[in-house]
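Q: sharing a model prediction with you, sequence too.
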Amino acid sequence: MKDERLIVLLDAFLDATLSAEEKQELERMLLESDAARREFWERASLHGWTYAAAKLTYGAKPAEEVARERRGLRGAPFEAFESWLRRASRLGWKMIFAGAAGTAAVVLWLGIRALQPVPLDEDDGVADLTPLPTVRTNYIATLTRGTGVVWDGESNNIEIGSALAAGWLHLKSGAVQVEFNSGARVILEGPASLELVSAREARLDFGKLSARVPEPAHGFKVYTSDLTMTDLGTEFGLNRPANQPMKVEVFEGKVEVAKNGAVQPVQVLNAGQGVQVNAQQMQPMSAVDPREFLSVQDLAFRESEELRTRYADWRESDAELNYDPAVLVHLNFEDQSDAERNLINRAIGTRASSRAMILGCDWGEGRWPGKGALEFNGLNDRVRLSVPGVFDSLTYLAWLRVDGLPNQRNGLALVNTFKAGQVHWQIRRSGSLEMAVRVEGGKTAWDHLVSPPVVTRENFGKWIQLAAVFDGSRGRMVLYLNGREVASKASKILPLTLGTLELGNWTPAARNTSADYRIRDFHGRMDEFTLLGRAMSPEEIRRQYELGKPRDTTAVAGLKRF
């Protein structure tokens, strides 16, 4: 029978989550027991001993990342392990390789434990073990479109593109499109109140909706206090204004209409038919008119016009940043052709490079239709420019679409040396934002600010604004998400320097860091980056967010949970 404690410790070791005390306990068990050593070797082989040796994060990864890791397996940890084996051989330890598999396990353990090189970076190479946020799996629909949206409520923010769980949507004005996981699509026009019951059910308290139900979603139900409508395919409208008769109209296919609690037979309405409900009575309508309801095409057109207006307003306000004397770098990714492999630094009178080099990235669409952005997907994708000088304070601002966080750290803006006063800004694998400033001291002397996990999987694919501030006059570091402070702390006051700045990646000058630790390529898009040589106030950062956010949705969304 296997030792359960040994199994727990081995699994923790292979997942790089052992504490110092647990490492000592596991080492003692391996040295004292042949059975423990055999079990270690079997599990290390199954897990992939090269992954254990390189301390790589284990898990399902994209094919590109797997290939990248294979290329990096002969990095510093592997080479150090090989060197150790050669020294052992010269000392006459060849018996190790002729011994049992259990002894080989001890060799592997000691080689990894004793000889892994010390990285010259922010936290001495310790992996980010912050627990990943729990991902909700009870979503039943997605909010896919919206125009003129003003929500009625004060509980949760709901943005276009958000996944929706069961609960209420209270729409004060405007219109939204909700796509249920069953395939049914509902357009809700405000003022309205709609409850999402399940992937195949909704309840309308008041307001106007139209539903299109393709074949896989046949049987989709919409309830009111008086009626239950079951769509048998394909499209119908329901208008229930306050203090007025309710109307049910069928445009395609057929719908079953049943009075709640009544013994009357179910009434079937075919295309072109409708009923008006008044005083608990259903009266046939002489004609139906689809034009009374917002079509998918109408909603898409209104949404597109709204986004174009937001884009034009942003372009006008964005130009103001160019003339701020504190702006060192302002990249707005505008008016660039696909053939250009650089970005124009729009800042007036700055000492920084007038252009930033694009390395590897592809062009894509930004926050609004027609706006430019850069896609960061490859191992070597990055933007590089020079920012000379010494600064008391710095502010970083960027608009990003994060598509994934595959690395221990995912670079936003980093420098490639380890001099005192240099700054690293990145996102950890857990979704925590991080700002680190190198201070005088040992090889791993860094002043850190790390936020709770805020860039979660639910944010992936959405445009967000991130900001980081080092305020030298106050001795503080602050991190922001979408204009809201998410972390702050007192910090040491020291001169800041940048030199060669890389966006979306990192090329450290010191090559004795582990191969996996050097990999910090960002995965996603960036469509604006600003660097200032002063500390922006919370009000200024909030204003930049309001001016730059893709949609003008200043009201909050109300979603009542069960």
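A: The structure has been received and is ready for your questions. Numbers count the residues shown, from 1 in each chain.
Q: in this protein, which ranges drop under the pLDDT threshold?
A: 1-2, 14-18, 20, 41-136, 154-157, 263, 337-339, 441-444, 509-516, 552-562 (pLDDT under 70).
Q: who are the contact partners of the residue most central in space within it?
A: In the chain, the centroid-proximal residue (C-alpha atoms, centre = their mean) is residue 460; its distance is 3.1 Å. Residue 460 makes contacts with 402-404, as judged by C-beta atoms under 8 Å, 6 or more residues apart in numbering. In this view, the C-beta of every residue, glycine as well, is placed from N, C-alpha and C.
Q: recalculate using a threshold of 10 Å.
A: If you count contacts by C-beta atoms under 10 Å, 6 or more residues apart in numbering, residue 460 has them with 401-405, 431, 523-524.
Q: residue 485 contacts residue 467, doesn't it?
A: Yes: if you go by C-beta atoms under 10 Å, residue 485 and residue 467 touch, sitting 9.1 Å apart.
Q: what about those two, which has more around it?
A: Using other C-beta atoms under 10 Å as the criterion, residue 485 and residue 467 rank with residue 467 on top: 27 against 15.
Q: so what pairs up with the more buried one in the strands?
A: Going by DSSP bridges, residue 467 is paired in beta bridges with residue 397, residue 480.
Q: one step back: overlap in contacts of residue 485 and residue 467?
A: In contact with both residue 485 and residue 467: 478-479, 538, 541-542, using C-beta under 10 Å, 6+ apart.
Q: looking at this, residue 257 is in a strand?
A: Yes: under DSSP: H, G, I helix; E, B strand; the rest coil, residue 257 falls within a strand.
Q: now stretch 461-479: buried residues?
A: In terms of neighbour count (16 or more other C-beta atoms under 10 Å), stretch 461-479 has its buried residues at 463-472, 476-479.
Q: before we move on, the earlier item: against residue 362, how distant is the residue nearest to the centre of the chain?
A: With the distance defined as C-beta to C-beta, to the nearest Å, residue 460 ends up 19 Å from residue 362.
Q: could you do residue 180 as well?
A: On the measure of C-beta to C-beta, residue 180 and residue 362 end up 34 Å apart.
Q: more crowded one of those two?
A: Of the pair residue 180 and residue 362, residue 180 is the one with more neighbours under other C-beta under 10 Å, namely 22 against 14.
Q: identify the residues contacting that one.
A: For residue 180, the contact set (C-beta under 10 Å, 6+ apart) comprises 140-142, 164, 186, 196, 198-202, 211, 213, 217, 220.
Q: those, buried ones only, as a PyMOL selection?
A: To isolate the buried ones among the contacts of residue 180 in PyMOL, judged by 16+ other C-beta under 10 Å, type:
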select buried, resi 140+141+164+186+196+199+200+201+202+211+213+217+220
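Q: could you work out the most separated pair of the contacts of residue 180?
A: Maximum pairwise distance among the contacts of residue 180 (C-beta to C-beta): 17.8 Å, between 164 and 213.
Q: what about the strands in the stretch 301-450 of the chain?
A: Taking DSSP state E, counting those that start in this stretch to define them, one finds strands in the stretch 301-450 of the chain at 327-331, 342-344, 355-359, 362-365, 372-376, 382-391, 394-404, 409-415, 423-428, 432-438, 446-453.
Q: ok, which of those strands comes nearest residue 314?
A: With C-beta to C-beta, the closest approach to residue 314 among the strands of the stretch 301-450 of the chain belongs to strand 394-404: 10.0 Å.
Q: number of residues surrounding residue 32?
A: By other C-beta under 10 Å, 10 other residues sit near residue 32.
Q: next, it: phi, psi?
A: Main-chain dihedrals, residue 32, degrees, to the nearest 10: phi -100, psi -10.
Q: for residue 26, see how far away it is.
A: Distance, residue 32 to residue 26, using C-beta to C-beta: 11 Å.
Q: next one: residue 195
A: 53 Å.
Q: the two: which has the busier surroundings?
A: The neighbour count for residue 195 versus residue 26, taken as other C-beta under 10 Å, is higher for residue 26 (22 against 17).
Q: now do the phi/psi pair for the more buried one.
A: phi -70, psi -40.
Q: same check, this time on residue 216
A: phi -60, psi -20.
Q: and for it, the neighbour number?
A: Neighbour count for residue 216, taken as other C-beta under 10 Å: 11.
Q: with adjacent residues omitted, what lies nearest to it?
A: Counting by C-beta to C-beta, 6 or more residues apart in numbering, residue 216 lies nearest to residue 183, which is 4.7 Å off, once chain neighbours are set aside.
Q: tell me which element the one you found falls in.
A: Of the helices and strands defined by DSSP states H and E, none includes residue 183.
Q: any idea how far it lies from residue 258?
A: Per C-beta to C-beta, residue 183 is found 23 Å from residue 258.
Q: looking at it, residue 288 is touching residue 238, isn't it?
A: No: counting by C-beta under 10 Å, residue 288 stays clear of residue 238, with 11.7 Å between them.
Q: now the nearest residue to residue 269 once chain neighbours are set aside, what's its secondary structure?
A: Nearest residue to residue 269 in three dimensions, chain neighbours excluded: residue 250, at 4.5 Å (C-beta to C-beta, 6+ apart). Here residue 250 is recorded as strand under three-state DSSP.
Q: how many neighbours does residue 250 have?
A: Number of residues near residue 250 (other C-beta under 10 Å) recorded here: 24.
Q: secondary structure element for residue 298, which one?
A: helix 296-318.
Q: could you list the buried residues of that helix?
A: Using 16+ other C-beta under 10 Å as the test for burial, helix 296-318 gives 299, 302-303, 306-307, 310-311, 314, 318.
Q: ok, stretch 19-26 next?
A: Those would be residue 26, for stretch 19-26 by 16+ other C-beta under 10 Å.
Q: stretch 148-168 too?
A: Neighbour counts using 16+ other C-beta under 10 Å place 149-153, 158-162, 164, 166-168 of stretch 148-168 among the buried residues.
Q: ok, now stretch 277-293?
A: Residues 277, 282, 285, 288, 293 are the ones in stretch 277-293 that count as buried (16+ other C-beta under 10 Å).
Q: I'd like those residues as JSON lines, with distance to residue 381 and secondary structure appended.
A: Converted to JSON lines, those look like this (distance: C-beta to C-beta, whole Å; DSSP: H, G, I helix; E, B strand; the rest coil):
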{"residue": "277", "distance to residue 381": "59", "secondary structure": "strand"}
{"residue": "282", "distance to residue 381": "62", "secondary structure": "strand"}
{"residue": "285", "distance to residue 381": "59", "secondary structure": "coil"}
{"residue": "288", "distance to residue 381": "54", "secondary structure": "coil"}
{"residue": "293", "distance to residue 381": "45", "secondary structure": "coil"}
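Q: and those residues, which two are the farthest apart?
A: Most distant of the buried residues of stretch 277-293, by C-beta to C-beta, are 282 and 293, 19.6 Å apart.
Q: re earlier: quick check: phi and psi at the residue nearest to the centre of the chain.
A: Per-residue torsions, residue 460: phi -60, psi 140 (degrees, to the nearest 10).
Q: separation between residue 171 and residue 363?
A: 36 Å.
Q: now do residue 493
A: Distance check for residue 493 against residue 363: by C-beta to C-beta, it reads 41 Å.
Q: ok, now residue 305?
A: For residue 305, the distance to residue 363 (C-beta to C-beta) stands at 25 Å.
Q: please apply the same query to residue 469.
A: Relative to residue 363, and taking C-beta to C-beta, residue 469 is found at 30 Å.
Q: before we move on, what about residue 235?
A: 39 Å.
Q: same question, residue 223
A: In this view, residue 223 and residue 363 are 48 Å apart by C-beta to C-beta.
Q: just the helices in the protein please.
A: Per DSSP state H, the chain carries helices over the ranges 4-14, 20-32, 34-47, 49-54, 63-71, 76-90, 95-98, 101-115, 296-318, 515-518, 538-548.
Q: looks like residue 386 contacts residue 497 (just checking).
A: No: taking contacts as C-beta under 10 Å, residue 386 lies outside contact range of residue 497: 11.7 Å.
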